[in-house]
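Trainee: I would like the atomic coordinates for the input below:
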Amino acid sequence: PHTTSLLATSPQGMSDTAPGKVIPEHYRQFLELHGAQLQALKVPANLHEALFIKLSTQCFDSFEHFGIEQDEEGNRQCCTINEGGIRAESDIFLIDHALTISDSDVNLLRVMPLTISDSDVNLLRSQILAYPQLTDRIGAMFGVDVDASGSPKETLTNQILEKFWKFANCYRVAGSGGQASTVWFVMDEMGSAVGHSSEPNVTCVPFMYIQPPQSGTDPSAQPQPQLTPFSLMWPVKDIAFEDYVERDYCPWITTPVDRVAHLADWVSGIDEDLLAQLTTGADYHRELLAEITSKGGIGGNVFKARHDSSFMEGRQAPLPPLARQLDGAARVLKVFTPSYDPLRLNSSYGGLSHPSFSLVDNKEDADILWLSEPLKAEETAEFWGEGAMVDGARFVNQFPYEGVFCLKDNLTREVARCVGSPVWWMPSYDLETQLPLFVGHYLNNQKQQVAARGETTDAPSRIEEFNVWIAKPSNSTRSTGHVASSSLVRITRALEVDKARIAQKYIERPLLFQGKYKFDMRFVVLVRSLEMDKEEIYVYNDFWCRVANKPHRIQKEVQLSLANKEGETEEEGTSLNSAMLEDPEVYLTAAHLLPGVEHRAKMPSCDDVIASLVDTYPFLNWEHIYGEVCHLLRELFQGLSRGQEGKMHAPLARAIYGCDIMLETVTNPFNEVIDAQPKLLEVSFTPCNNAVLTDTYAKTYPSYVNDIFGCLFLGEQTNVTRLL
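Mentor: Numbers count the residues shown, from 1 in each chain. Reported below is the predicted structural model:
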C-alpha cells in the first residue's frame, strides 16, 4: 500500500453514464472519419467500439479506475484504484485537455480549457496572472503551493511557467497551403498525473474527434465538422491494484544516451551513470575543439594574426572581368532573376542599374542566373560539373556545398570540425546528432552555477553565467521558431516541433544600441572564387543593422559601468529573467518579421550605429572591432571551404552571403565593460536588399546592388574590402 494520501475520485461534472447501444450506421461513419487516425495511433481494434461509445456519450470514466496520490513535495502520481486491477487492452479512457496553446483566436470567455495564439505563447504569463481560477487549477496540477502565504502572484506565475514544459504535450495540425502548426496542451488532472517509465503500462496519445457537420439555420453557409481534441489512454500491460500508471514520455527515441539527454531535466530517477557520460562527453568535446583551434583548423595554421596587415601579401590577383572572359570584348551582360528576388534587381531605386548589365525575362538568354532557389539536380552539371569552363558559359549565384555556410546545423558541425572553438563562435550543437553533448554542456554549466552560489573557487565563466541557450530550426528564416530559455526541458522539447534544430549559447551580455536595445549587424560577403589557395573573397564596407523593438535589460553592475552623461540617471537593470526571455521583441533583433509584430524600432544606418556605440561606450575602438570582424569572416570562409577539400571550387559560380554578427561585451575583473568581441550568429544565402526596403538604407546605400555586381562579375572594387 502507498503511504501518500489519495486525492481524487470521480470529479463533479464528469459523466459516468453507462454506454448505450451502438447504432451500426453511426459507428460505421465514425470509423470512416477516424479509421486512418486510429491506425496511425495504433489504437487496438478491439477498443474502437468502446472509444466510439465514450466519445458519443462524453463518458469520462477514468476516475472510476484510477486515483491521484500526492507526496510531501506536492508531486502527483496516478495509480490504479480497482481492487481487481485492470487488464491490458481491456478498456480505453478519454483524457480532457485543461489548457491549449494553438492557432485559434484568444478565447477569454472560458478558463477551462484556455486557448491562446500559438504565435503568442508568451501571453500565457498574462493570462495566468489575469485568471485566478487558472492559476489555482494549473498550479495544483503542477505541484505548486498556490496557498502559500505571502507568495506574490508573480512568484506563483513564475513557478507555474517553470514547470509548464514538463507537463505540456503537443501535436501538429495541417493548415492551408500545406503549412502545419503546432498545438501544445496540458492534459487534465488525471492525464497530467501519469508518470514516466521506459517500461510503460499505458499508452497515452492525442486524438482529434471529428463530429460530422450539422445543418445550420443559414442554408447558404457551408457546414463544417466540429473538431474536439482529447487524449486517449489504454493499458498495454496488466496493472495491479495500487500500481502506478506510467507512460513513455519519448517513445520515438530509442538510443539510451539520447533518451537520458532528452529526459534529463524532465523526470526524476534518470540513470546517474548515463548522466555522468553526458557531462564527461561534453568536456571531452570541448577539449577536442580547443585542440583543433590551437592547430589553426584543418591543414595546419592557415589563419594569419587578427591585425596583421600582411595577410594579403602574395595573394592571387583578382579574376579578370567576366565581360571580357565571355568573348574577349567588353559587352553588356544579360541577367535573369525570378519573380521573387531578395536582391530586388528589378527595383527602380536601389536595384540593378549598372550600365554593364541588363535584365532579361528569358532564362535561356541570360549570361548570369541570379536565382533565389537552389539549382535543380539536372542543372548542376552545367555549372558545377567537371570540365565546366568560363569561356562561353553562363554563371550562377551558387557554389556547390554552400550549405556548410547557410544551413545552421551544417554550419554548427563544420565550424567545430574545420575551425574548432574560435573566439567568434558561441558554443553550439546540432540537436539532431549532438543532443547528449549539448545536455552535458548545460549540466556542466549548472554545476558551475551551484558552485558559484556556494562561493567556491569553481565559479562559472562570465559568458555562461545564466546558462541561457537559444534553439533555432536549422533551415528557418525570419526568426521563426526561435526559442530562448534557461530551461533545459524547454529547449529539448522544442525538438518535438522541429527535430532539425541547433542550440546556441545565448549572448547574455550584448553591446546595446543607444545603451538599451539589442542589435545585430549583417555583413555581406562577396565570393568570386573558392579554389584552394586561390580564394577571392570580399566584404561590403557597410553593414545592415537590425534593432530589437524593446529594451534588453542587463545586470545592474554592468549597466552602471556605462558612460554616465551629464546627470543622466541610470535605469536599474535586472538579471536575465524568464519574463524577458518570453518576449521575442526583447531577445530577437528581427522579431518584427514574425506574424503580428509591429516594427517599432528604427533601422539605423551603419554610420549611425558606429556613432551610437562610440558615444555609449567611449572606450571602444571601432577600427579594432572591424578588424576582428574581418578576421572572423576570413577564418569562416577559408576554414569551411577548405574543409570540403576542393569540392566548393566552381569557376562558373559567384555569390553573396549575409553574415549576421552581434557584439558581446568584454569585462575586466571589476565587471566593467572594456571591449567587445564580434560573434557570428548565422549565415544566409543571397540576403535581402534592405536598401530597397527602408528609406534609411535607400538614401544611404543607393549603389549597393551595382557595387555587388560590379565586384562579382567585373572585378570592380567599389565600397568593398578584399578578405582573401
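Trainee: nearest spatial neighbour of residue 685, chain-adjacent residues omitted?
Mentor: residue 406 (4.5 Å; C-beta to C-beta, 6 or more residues apart in numbering). Backbone N, C-alpha and C define where each C-beta goes, glycine included.
Trainee: quick one, what contacts the one you found?
Mentor: 657, 683, 684, 685 (C-beta atoms under 8 Å, 6 or more residues apart in numbering).
Trainee: check which helices and strands the helix or strand hosting the second one sits against.
Mentor: Using DSSP states H and E, the secondary-structure element containing residue 683 is strand 673-685. Using 3 or more C-beta pairs under 8 Å, 6 or more residues apart in numbering; DSSP states H and E as the contact definition, the elements that strand 673-685 packs against are helix 403-406, helix 408-418, helix 622-642, strand 655-667.
Trainee: rerun at 10 Å
Mentor: When contacts are defined as 3 or more C-beta pairs under 10 Å, 6 or more residues apart in numbering; DSSP states H and E, strand 673-685 packs onto helix 403-406, helix 408-418, strand 428-430, strand 469-473, strand 501-505, strand 519-529, helix 622-642, strand 655-667.
Trainee: what's the closest of the contacts of residue 406 to residue 382?
Mentor: Using C-beta to C-beta, residue 685 comes nearest to residue 382 of the contacts of residue 406, at 19.4 Å.
Trainee: may I have the beta-bridge partners of the closest one?
Mentor: Assessed by DSSP bridges, residue 685 has beta-bridge partners residue 657.
Trainee: so how far is residue 136 from it?
Mentor: 50 Å (C-beta to C-beta, to the nearest Å).
Trainee: which of the two has more residues huddled nearby?
Mentor: residue 685 (22 against 15; other C-beta atoms under 10 Å).
Trainee: that one is in contact with residue 374, isn't it?
Mentor: Yes - taking contacts as C-beta atoms under 10 Å, residue 685 lies within contact range of residue 374: 8.6 Å.
Trainee: who are the contact partners of the spatially most central residue of the chain?
Mentor: What sits nearest the mean C-alpha location of the chain, by C-alpha atoms, centre = their mean, is residue 472, with 2.1 Å. Residues counted as contacts of residue 472 (C-beta atoms under 10 Å, 6 or more residues apart in numbering) are 408-409, 412, 428, 431, 479-484, 494, 498, 500-504, 681-682.
Trainee: shaky segments in the stretch 151-300 of the chain?
Mentor: The stretch 151-300 of the chain contains residues with pLDDT under 70 at 151-152, 175-179, 214-222, 297-300.
Trainee: all strands of it, in order?
Mentor: Using DSSP state E, counting those that start in this stretch, the strands of the stretch 151-300 of the chain run over residues 168-174, 180-187, 195-196, 202-211, 226-235, 246-247.
Trainee: residue 540 pairs with what?
Mentor: In beta-bridge terms (that is, DSSP bridges), residue 540 pairs with residue 720.
Trainee: that one: how many residues sit nearby?
Mentor: 23.
Trainee: ok, now residue 273?
Mentor: For residue 273, using other C-beta under 10 Å, the count is 8.
Trainee: for residue 189, see how far away it is.
Mentor: 35 Å.
Trainee: can you check residue 679 too?
Mentor: Distance from residue 679 to residue 189, by C-beta to C-beta: 45 Å.
Trainee: go on, residue 43?
Mentor: Here residue 43 is placed at a distance of 23 Å from residue 189 (C-beta to C-beta).
Trainee: per-residue confidence at the residue lying closest to residue 519 once chain neighbours are set aside?
Mentor: Excluding the flanking residues, the one nearest residue 519 by C-beta to C-beta, 6+ apart is residue 513, at 4.2 Å. If you check residue 513, the pLDDT there is 90.
Trainee: so who does residue 513 touch?
Mentor: Contacts of residue 513 (C-beta under 10 Å, 6+ apart): 519-520, 545-548, 552, 589, 601-602, 604, 608-609, 612-613, 616, 663.
Trainee: quick check: bridge partners of it?
Mentor: In beta-bridge terms (that is, DSSP bridges), residue 513 pairs with residue 517.
Trainee: distance from the longest helix seen in the chain to the middle of the chain?
Mentor: In the chain, with assignment by DSSP state H, the single longest helix is helix 272-294. Relative to its chain's centre, helix 272-294 lies at 24 Å (C-alpha atoms, centre = their mean, to the nearest Å).
Trainee: what's around residue 532, how many residues?
Mentor: 15.
Trainee: again with residue 166
Mentor: Using other C-beta under 10 Å: residue 166 sits among 17 other residues.
Trainee: pretty sure it sits against residue 195.
Mentor: No - look at residue 166 against residue 195 with C-beta under 10 Å: they stay out of range, at 11.4 Å.
Trainee: need the residues touching each of these two.
Mentor: Going by C-beta under 10 Å, 6+ apart, residues that sit against residue 166 and also against residue 195 are 249, 267.
Trainee: hang on, the earlier thing: now do the buried residues in the strand holding residue 683.
Mentor: The neighbour-count check on strand 673-685 (16 or more other C-beta atoms under 10 Å) flags 673, 675, 676, 677, 678, 679, 680, 681, 682, 683, 684, 685 as buried.
Trainee: tell me the mean pLDDT over it?
Mentor: 92.
Trainee: same deal with stretch 428-438?
Mentor: Stretch 428-438 comes out at a mean pLDDT of 92.
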